[in-house]
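# Test case, fold it:
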Amino acid sequence: MGLSLILSSVFAGLLLNYLVEKISSKYFKYNKTITKKLLITITTTIVFMSIYYRYSFSIKTFYFILLTSILIIITFIDIDNFIIPDELIIFGSVVSILVNIFYKNRNILSGVLCFLIPYLVAYIFSNITKKEVIGGGDLKLFFMIGLFLGTEGGILTIIMSIHIGAIFGIILFIYCKIKKLDFNSVIPFGPFISVACFLVMFLGSDTIKSILFI
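Residues are numbered from 1 along each chain as shown. Alright, predicted model coming up:
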């Protein structure tokens, strides 16, 4: 079972490589490198195996594997060109809504809340700073994650992503100061959202709350 799981995860990584390339090429000239292919494949393998060992063979496993597949594609596209393709958000949202209807969950409202909360905060700060605080693609990604994880999981993802982004920004700022490099404050936020979402999925809401609110 272990070997078949590894092979399946590697195959999924190769498939995600193909999807990243095909979707990216619609927006910009995709720079295909062996390093990027390896990184996507290794990331997919580790993430998929982690989800399986966390939730075993269950509907939740397939549900979360679908979500993480979309997040991995979004992460690598966003890193390359600061774009979160709408078709990925639409696809993920539609699938999640259909699953929620089938299982009679009420996560549709959760998606709306996870969109509105960061939107209102960003709107206030944008008016104060006169700068864009968060992109529209990031807001739509929060909406999709809210549909998948529900209100609590979605809001924890929002808070966790801000913490991760802030830590990364501070480390990058210090590194640039030490190396005497120009600090570029424009950083794609999609990868931080994806990492935060995976942590909420893998560790669970209670563990994330204990980390955030010690």
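# now the longest helix seen in the chain: mean pLDDT?
As assigned by DSSP state H, the longest helix anywhere in the chain is helix 136-179. The pLDDT scores in helix 136-179 average 89.
# now it: how far from the chain's centre is it?
9 Å (C-alpha atoms, centre = their mean, to the nearest Å).
# any idea which helix or strand comes after it?
helix 190-203 (DSSP states H and E).
# Please compute how far that next one lies from its chain's middle.
Worked out by C-alpha atoms, centre = their mean, helix 190-203 lies 6 Å from the chain centre.
# Contacts made by that helix with the rest, please.
47, 50-51, 54, 64, 67-68, 71-72, 74-75, 77-79, 84, 137-138, 141-142, 145, 149, 153, 156-158, 160-161, 163-165, 168, 208, 211 (C-beta atoms under 8 Å, 6 or more residues apart in numbering). C-beta: built from backbone N, CA, C; applies to glycine.
# what does stretch 73-92 give?
Under C-beta under 8 Å, 6+ apart, the answer for stretch 73-92 is 16, 19-20, 23-24, 26-28, 30-31, 36, 39-40, 66-67, 70, 135, 137-138, 140-141, 143-144, 147-148, 186, 188-191, 194.
# in it, what counts as buried?
For stretch 73-92, the neighbour count (16 or more other C-beta atoms under 10 Å) marks 73-78, 80, 83-85, 88-89, 92 as buried.
# One more: stretch 135-146?
Buried residues in stretch 135-146 (16+ other C-beta under 10 Å): 135, 137, 138, 139, 140, 141, 142, 143, 144, 145, 146.
# and what of stretch 195-213?
195, 196, 197, 198, 199, 200, 201, 202, 203, 205, 208.
# Could you dump those residues into JSON lines with distance to residue 176 and pLDDT added?
Formatted as JSON lines, the buried residues of stretch 195-213 follow (distance: C-beta to C-beta, whole Å; pLDDT from 0 to 100):
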{"residue": "195", "distance to residue 176": "21", "pLDDT": "95"}
{"residue": "196", "distance to residue 176": "24", "pLDDT": "95"}
{"residue": "197", "distance to residue 176": "28", "pLDDT": "95"}
{"residue": "198", "distance to residue 176": "27", "pLDDT": "94"}
{"residue": "199", "distance to residue 176": "26", "pLDDT": "94"}
{"residue": "200", "distance to residue 176": "30", "pLDDT": "93"}
{"residue": "201", "distance to residue 176": "32", "pLDDT": "92"}
{"residue": "202", "distance to residue 176": "31", "pLDDT": "90"}
{"residue": "203", "distance to residue 176": "31", "pLDDT": "90"}
{"residue": "205", "distance to residue 176": "35", "pLDDT": "84"}
{"residue": "208", "distance to residue 176": "30", "pLDDT": "85"}
